[in-house]
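Undergrad: Show me the folded form of this:
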Amino acid sequence: MKRISVVFVLLFAFFVLALAQEQRRTSARERWDKDEVVTLKGEITKVLLPLATFKSEGKEYTVHLGPTWYWRENDYKLEAGAVEIRGEIETEEGELHLYPYGITQGKNSITLAGEDGAPRWSKAYTRMGGMHHGSGGGKCGGGRKCEHGCCGGQRHE
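TA: Below is the predicted model of the structure:
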């Protein structure tokens, strides 16, 4: 009987933790919020894909950059230094998180989400007619068949 009780308690705890994680917004979700998109200038202090640390106006943010394969396929680079980020800020467990739509560093421009808040790598973005790997002819652009498998091999116009 004790064994059944322990199993029940563990299953219940797992369910509660899983539900709590589901409520948290992550960069893998279909859509990011677009309620309060802001543009901040500051400094990237650390980059460790899929996250970066960004400081602006005396505040520190964790920047959610999306999947590393998206960065590789678009040949995006982000380095420590001055940067401008346009995105949505969210406070999670007392910490500031930034979900960028776009990042500008020097002459480099990185597009991570469309105006509707759909990350460029998500199914929501491709359903809206966007090229899966950003504009400019990534591997899925120009009507070519998806070569990395995340799109189920479909063609992207």
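Undergrad: Let's test this: name the helix or strand in this structure with the lowest mean pLDDT.
TA: Taking all helices and strands of the chain together, the one with the lowest average confidence (mean pLDDT, DSSP states H and E) is helix 2-23, at a mean of 51.
Undergrad: and the helix or strand just after that one, which residues are buried?
TA: Downstream of helix 2-23, the next assigned helix or strand under DSSP states H and E is strand 37-48. Within strand 37-48, the residues that qualify as buried by neighbour count (16 or more other Cβ atoms under 10 Å) are 37, 40, 42, 44, 47. Every C-beta, even on glycine, is put in place using the N, C-alpha and C of the backbone.
Undergrad: what's strand 37-48 in contact with?
TA: Strand 37-48 is touched from outside by 52-57, 60, 63, 78-89, 98, 101, 105, with contacts defined as Cβ atoms under 8 Å, 6 or more residues apart in numbering.
Undergrad: which of those count as buried?
TA: Applying the neighbour count, that is 16+ other Cβ under 10 Å, the buried entries in the contacts of strand 37-48 are 52, 54, 56, 63, 78, 83, 85-89, 98, 101, 105.
Undergrad: Secondary structure for these - can I get that in CSV?
TA: Shown next, in CSV, are the buried ones among the contacts of strand 37-48 (DSSP: H, G, I helix; E, B strand; the rest coil):
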residue, secondary structure
A52, strand
F54, strand
S56, strand
V63, strand
L78, coil
V83, strand
I85, strand
R86, strand
G87, strand
E88, strand
I89, strand
L98, strand
Y101, strand
Q105, strand
